[in-house]
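Participant: for reference, the sequence and a predicted model appear below.
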There are 2 protein chains.
Amino acid sequence: MNDAPDPQDEKPGIDNDAADSAQVITPALIAQIVGAVGDKDLHAVRRTIEELHPADAADLLEQLPSDAFKGAIELLDHYLPGETVTELADDVRADALDILSDSGIAAMTEKLDSDDASFILNDLDEDRRAEILAKVSASDRAAIETSLSFDEESAGRLMQRDFVAAPVFWTVGQTIDHLRSVDEDDLPDTFFDIYAVDPGFRLQGTVSLSMILRSSRETTLKQIMKEAAVSIRPEMDQEEVAYVFQQYNLASAPVVDEAGRLTGMITVDDMVDVIQEENREDLLALSGVSEAGVNQSVLSAVKARLPWLAATLIAAFLASTVVALFEATIDQIVALAILMPVVAGLCGNAGSQSLAVAVRAIAERDLEGPLVARAVRREIFTALANGVIIAVLSGIVTWLWFSDAWLGVVIGGALVSTFVWAGLVGILAPLILKRMGVDPAVASGVFVLTSIDLMGFFVFLGLATVVLL
Amino acid sequence: MNDAPDPQDEKPGIDNDAADSAQVITPALIAQIVGAVGDKDLHAVRRTIEELHPADAADLLEQLPSDAFKGAIELLDHYLPGETVTELADDVRADALDILSDSGIAAMTEKLDSDDASFILNDLDEDRRAEILAKVSASDRAAIETSLSFDEESAGRLMQRDFVAAPVFWTVGQTIDHLRSVDEDDLPDTFFDIYAVDPGFRLQGTVSLSMILRSSRETTLKQIMKEAAVSIRPEMDQEEVAYVFQQYNLASAPVVDEAGRLTGMITVDDMVDVIQEENREDLLALSGVSEAGVNQSVLSAVKARLPWLAATLIAAFLASTVVALFEATIDQIVALAILMPVVAGLCGNAGSQSLAVAVRAIAERDLEGPLVARAVRREIFTALANGVIIAVLSGIVTWLWFSDAWLGVVIGGALVSTFVWAGLVGILAPLILKRMGVDPAVASGVFVLTSIDLMGFFVFLGLATVVLL
């Protein structure tokens, strides 16, 4: 993980794997803030939190014991910076909002961009949100309510309403003069592009700040602007937006309404978070977990996993009924029971390989157009090749173990055919689910693995019944 | 995936799930370029490729049938833009480089930033790389060789040597005037920050371009610069760098050497690629795949999966030997063989849940300091809670199915204890592997699942032997 820890950051007393150069949350710092919270020393707690980058302050709060965390949030209340709250992990943020006063949250949201404010308020129930919004200034309230009116994972939610637009006929000089004269509060904290608009506020093009800086004062925006490769609409799904950012290496992107009018701006830092979130969801879903978090409670961990286990329960008993069909065969040849884990383990593994490759390729949009047929073909041939190799090895081991060549043939035959099935269903299930509008990462797992188990046991025990009895 | 397809991009004849607003590669476009390649019409092929964004051009090339792909690359050679080559998927890029002439690749690298040039040359074997570098101008060659001297997944490889630095005492006015006067080729294509340095070229701080633009001409860089939260060294692992970008919402970051001298710049678009790559690796590794790609050949897919299958083969036969220990018991109670898939399926699922949560938390650095103990405790209690619920359900189903209450007790007891084991090993194995410096996503899977299988069968069949016989 960490080849070159920066010596200046290596703190004594930290075990080695934690001593990376980005390590700012030390046990000493945690002890210090726990002490200050115990003393109800608001000044000391504020100073510690404010001296840290909001992201580090959030990490510190996450690592506090739960009573110290509660104490710190209660103590800070109005003084807890909104930027820190947005950086908290979902479950920790929910806990913090439960503790904060309504007026504390209202004060916080007024200082944030509308996208961050709506991000925080989104976690609250409707009544509390209304009470808090009543305490916010009318203009901020309107901006937050507009943001909340968009779907949760849409571009409209992610966009901020602070951005810099300039008439397309303006010169670089005029633009710079304008930026220098305008009130600080009316500009976004950071921006990378200026959007050139026509008199109807319809987006004409994007000018990067580096282009502004390297161009002469007389150059017009029209001369140096670039047209957007793809226009982002507020309704667009965040996964789609993230794809556009990746594909075109964007730092920020304008959001336009139906009429092409500029309505907001999305920045790459939010997209990095979306990419991480989507990746986390896919990885967890493939292993049967709906949600996970730093300080997730046991109850919510149970809730996030139990439905998948229940689905597996049904699937597993289904597989058992297939085995039960061959009760008589197993009764005569107990070696079959002994070898069942080999069939289940290997075929399950082949299926999850194929499934992971397909889910990932769909997420990265590598399974489109003519690439689909090619990928399906590759999965079949790969399954066949791996199946033959693994079948031969397993067959030989089985033969030697049980001194029964035919038993080796049975397990080999079962493995080859189930491998091909695993490869096929591993790629087709996610493709079909995607076409049905279902998230392939979430829905494929149990389905694919169950069908492989059923197939594996059926072929293995069926073949054994035919060949060995 | 796509809630709001942009009507203007919806092409007739494309099936619905492909018709998203970012869809620029249409079957018609593919047919057109295949035709042009067939006619050896260099002009038409060049025009199509050059009119597309490099990322889209790369997608188009990836989707061509392999003979048309080969023909297109041969035809283009010197005219294939380097930016398109860098956007190709790894396996496709390797194919393209095999087809391209040495002088074609040399011409391409001269036009690219040093990080992109070394990225392309890195795929080639040493002899060919030396031949190509001999055709490149001395200064470019030196920059590429320096870049290649860093480890493959290090900051040194990712950084570009084109960046904008200015003396810390310069004013905003001086800086802008300098940018306007300097030769276009000496500036990076896009940049987001200007690095303020002292006379020894040691980094003092970073000034975002938006800060430059909103400040008056007399302001000095010193007044508006921000100190870096973390300094990035060329040896730093790319995963670490990506973490710094995410944690501090960076658009670009300076890279400094031991003496604090500015040596390069890393931009967020490269970090987005790194994040995707690391996520892809983790997701695939958890499912037992080392590598996957759009146009991966069957041979390389077999290579990427066979070692994991071989490990599973050993693990599965190990599980079989545990079952074999209880041959006599199974011989008397064939219901045990029928229920084995239930034990294996459910406990395996519980283990992979715990494993996925831990691997993801480690990747996101959520398992640090006091959070480790808390997470382990959560896993144990979650496993216990889910184990009890699933055990009761399974026990009842078993009791009803086989009219044997004690058999229900046996499977229930085996499930609860193996669930706790699965939860424990699912989180501890990745933590221990990480501490040993091994990638937890890669190494945990087989280990965790094997130990769960062994435990599950042993407890289930052992308990059955004791209780039922």
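Facilitator: Looks like it arrived, so ask away. Numbers count the residues shown, from 1 in each chain, chains lettered A, B, ... in the order given.
Participant: switch to C-alpha atoms for all contacts and neighbour counts from now on
Facilitator: Will do.
Participant: what's residue A:87 in contact with, if anything?
Facilitator: A:54, A:55, A:58 (Cα atoms under 8 Å, 6 or more residues apart in numbering or on different chains).
Participant: report the contact partners of the second one.
Facilitator: Each residue near residue A:55 by Cα under 8 Å, 6+ apart is listed here: A:83, A:84, A:87, A:88, B:247, B:248.
Participant: repeat that for 6 Å
Facilitator: A:87, B:247 (Cα atoms under 6 Å, 6 or more residues apart in numbering or on different chains).
Participant: against residue B:241, how distant is it?
Facilitator: As judged by Cα to Cα, to the nearest Å, residue A:55 and residue B:241 stand 15 Å apart.
Participant: and if you look at residue A:102?
Facilitator: 38 Å.
Participant: those two: who's more crowded?
Facilitator: residue B:241 (27 against 20; other Cα atoms under 10 Å in any protein chain shown).
Participant: quick one: which helix or strand includes that one?
Facilitator: Assigned by DSSP states H and E, residue B:241 belongs to helix B:238-247.
Participant: contacts for that helix?
Facilitator: Contacts for helix B:238-247 (Cα under 6 Å, 6+ apart): A:55, B:153, B:154, B:155, B:271.
Participant: secondary structure class for the first one?
Facilitator: Counting by DSSP: H, G, I helix; E, B strand; the rest coil, the backbone at residue A:55 sits in helix.
Participant: which is the next helix or strand following the helix holding residue B:241?
Facilitator: strand B:252-256.
Participant: distance from that next one to the middle of the chain?
Facilitator: With Cα atoms, centre = their mean, to the nearest Å as the basis, strand B:252-256 stands 22 Å off its chain's centre.
Participant: any residues of the stretch 351-469 of chain A in contact with chain B? List them.
Facilitator: A:352, A:353, A:356, A:366, A:378, A:382 (Cα under 6 Å from any Cα of the partner chain).
Participant: distance check, the fifth one against residue A:358.
Facilitator: Counting by Cα to Cα, the gap from residue A:378 to residue A:358 is 11 Å.
Participant: circling back: of all the contacts of residue A:87, which comes closest to chain B?
Facilitator: Of all the contacts of residue A:87, residue A:55 has the smallest distance to chain B: 5.9 Å, by Cα to the nearest Cα.
Participant: grab the CA positions of stretch A:188-202 and hand them over as CSV.
Facilitator: C-alpha atoms of stretch A:188-202 as CSV (Å, rounded to 0.1, in the frame of the first residue of the first chain):
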residue,chain,number,x,y,z
PRO,A,188,-17.9,29.1,-6.2
ASP,A,189,-15.1,28.2,-3.9
THR,A,190,-13.2,26.6,-6.7
PHE,A,191,-13.9,26.5,-10.4
PHE,A,192,-12.1,25.2,-13.4
ASP,A,193,-14.1,26.5,-16.3
ILE,A,194,-16.1,29.5,-17.4
TYR,A,195,-19.3,28.8,-19.3
ALA,A,196,-20.0,31.0,-22.4
VAL,A,197,-23.7,31.7,-22.8
ASP,A,198,-25.8,33.5,-25.3
PRO,A,199,-28.2,36.3,-24.2
GLY,A,200,-30.9,33.7,-23.5
PHE,A,201,-28.4,32.0,-21.1
ARG,A,202,-28.2,29.0,-23.4
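Participant: buried residues in that stretch?
Facilitator: The neighbour-count check on stretch A:188-202 (16 or more other Cα atoms under 10 Å in any protein chain shown) flags A:191, A:192, A:193, A:194, A:195, A:196, A:197, A:201, A:202 as buried.
Participant: contacts only, for the first one.
Facilitator: The neighbours of residue A:191, taking Cα under 6 Å, 6+ apart as the test, are residue B:210.
Participant: three-state assignment of it?
Facilitator: Quick answer, by three-state DSSP: residue A:191 is coil.
Participant: what's the per-residue pLDDT of it here?
Facilitator: Predicted confidence (pLDDT) for residue A:191: 93.
Participant: then the fourth one?
Facilitator: Among the per-residue scores, residue A:194 holds a pLDDT of 96.
Participant: kindly report the same for the last one.
Facilitator: For residue A:202, the pLDDT comes out at 96.
Participant: from chain B, how far off is it?
Facilitator: 17 Å (Cα to the nearest Cα, to the nearest Å).
Participant: repeat for the fourth one
Facilitator: To chain B, residue A:194 is 10 Å away according to Cα to the nearest Cα.
Participant: which residues touch that residue?
Facilitator: A:164, A:165, A:206, A:207.
Participant: the residue nearest the centre of chain A in helix, strand or coil?
Facilitator: In chain A, the residue lying closest to the centroid (Cα atoms, centre = their mean) is residue A:277, at 1.7 Å. Residue A:277 falls in the helix class when you classify it by three-state DSSP.
Participant: OK, contacts around it?
Facilitator: Per Cα under 6 Å, 6+ apart, neighbours of residue A:277: none.
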